[in-house]
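Colleague: 3D, please:
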Amino acid sequence: MKKYKIAVIVGSLRKESFNLKTAKALIALAPESLSLELLSIAGLPMFNEDLEATPPKEWVAFKEKISSADGLLFLTPEYNRSVPGVLKNAIDVGSRPYGKNSWDGKPGAIVSVSIGGISGFGANHHLRQSLTFVNVPTMAQPEAYIGGAADLFDDKGKLTNESTKGFLKSIMAAFEKWVHTNAKQ
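Modeller: Numbering: from 1, shown residues only. Below is the predicted model:
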């Protein structure tokens, strides 16, 4: 079976981010056919169309990483019923300049992680709207909303909740099938 290269993009910059902890748990639970790599968005300069003629080196490196990936896994917290600005900025940077969309056609999945009970529902769906526009076929089922994140990890950041671990494993199994079916050959 082919080994698929997956870019993992976490929409939270916080050092102790529950989304980052969940991303690391997903990486550990991934099937062998998926090679997942965290792709930092922390240093991306804000999108500004004036910079497209001579893009910042961070934009170029980011777009190259996206272009070389076979699939995309997004993790997002919810800020004010939407995605964090840094994540939206990454989507904008990766989609520009017009006609040079790095995201185009790459299969993706979204996991929203929150300390609250709504589990990042709003952010998950706002991100899905943006991904539709940049042509990322996004896995519809199973949906992945992780709530109560503050109670899922130990003090070292390891996922300790067995039920959540089982759910995340099922997400990765479904994502493996999604990538295999939708990745460009």
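Colleague: ok, for Phe18, nearest residue in space, not its chain neighbours?
Modeller: Excluding the flanking residues, the one nearest Phe18 by CB to CB, 6 or more residues apart in numbering is Ala149, at 3.7 Å. Backbone N, C-alpha and C define where each C-beta goes, glycine included.
Colleague: Confirm for me that that neighbour is in contact with Leu20.
Modeller: No - Ala149 lies out of contact with Leu20 (CB atoms under 8 Å); the separation is 10.9 Å.
Colleague: Can you tell me how far Arg112 is from Thr54?
Modeller: Arg isn't right for residue 112; it's Ser. 35 Å (CB to CB, to the nearest Å).
Colleague: Compare the two (neighbour count), which wins?
Modeller: Taking other CB atoms under 10 Å, Ser112 and Thr54 do not tie; Ser112 has more neighbours (29 against 6).
Colleague: helix, strand or coil for that one?
Modeller: Here Ser112 is strand, with the state taken from DSSP: H, G, I helix; E, B strand; the rest coil.
Colleague: Kindly report the same for the one 10 residues further on.
Modeller: What three-state DSSP gives for Gly122 is helix.
Colleague: That one - nearest residue in space that isn't next to it in sequence?
Modeller: Gly122 sits nearest to Arg81 (CB to CB, 6+ apart), 3.8 Å away.
Colleague: Contacts only, for the one you found.
Modeller: Applying CB atoms under 8 Å, 6 or more residues apart in numbering, one finds that Arg81 lies in contact with Gly122, Ala123, His126.
Colleague: Surely the last one touches Gly85?
Modeller: No - under the criterion of CB under 8 Å, His126 is not in contact with Gly85, lying 12.0 Å apart.
Colleague: got a list of contacts for the helix or strand where Ala23 lies?
Modeller: Taking DSSP states H and E as the criterion, Ala23 maps to helix 18-29. Applying CB under 8 Å, 6+ apart, the external contacts of helix 18-29 come out as 8, 10-12, 14, 36, 38, 73, 75-77, 111, 113-115, 146, 149-150, 152-153, 157-159, 165, 168-169, 171-172.
Colleague: got it, and stretch 139-151?
Modeller: By CB under 8 Å, 6+ apart, stretch 139-151 touches 18, 21-22, 107-121, 124, 152, 161, 164, 167-168, 170-171, 174-175, 178.
Colleague: Stretch 178-185 too?
Modeller: With CB under 8 Å, 6+ apart as the criterion, stretch 178-185 contacts 1-2, 4, 6, 33-34, 70-71, 105-107, 109, 137, 139.
Colleague: contacting residues around stretch 110-122?
Modeller: Outside stretch 110-122, the residues that touch it by CB under 8 Å, 6+ apart are 18-19, 22, 26, 73-78, 81-82, 123-124, 127-128, 131, 138-139, 144-150, 168, 171.
Colleague: Tell me the buried residues within those residues.
Modeller: Among the contacts of stretch 110-122, those buried by neighbour count (16 or more other CB atoms under 10 Å) are 18-19, 22, 26, 73-78, 82, 123-124, 127-128, 131, 138-139, 144-147, 149, 168, 171.
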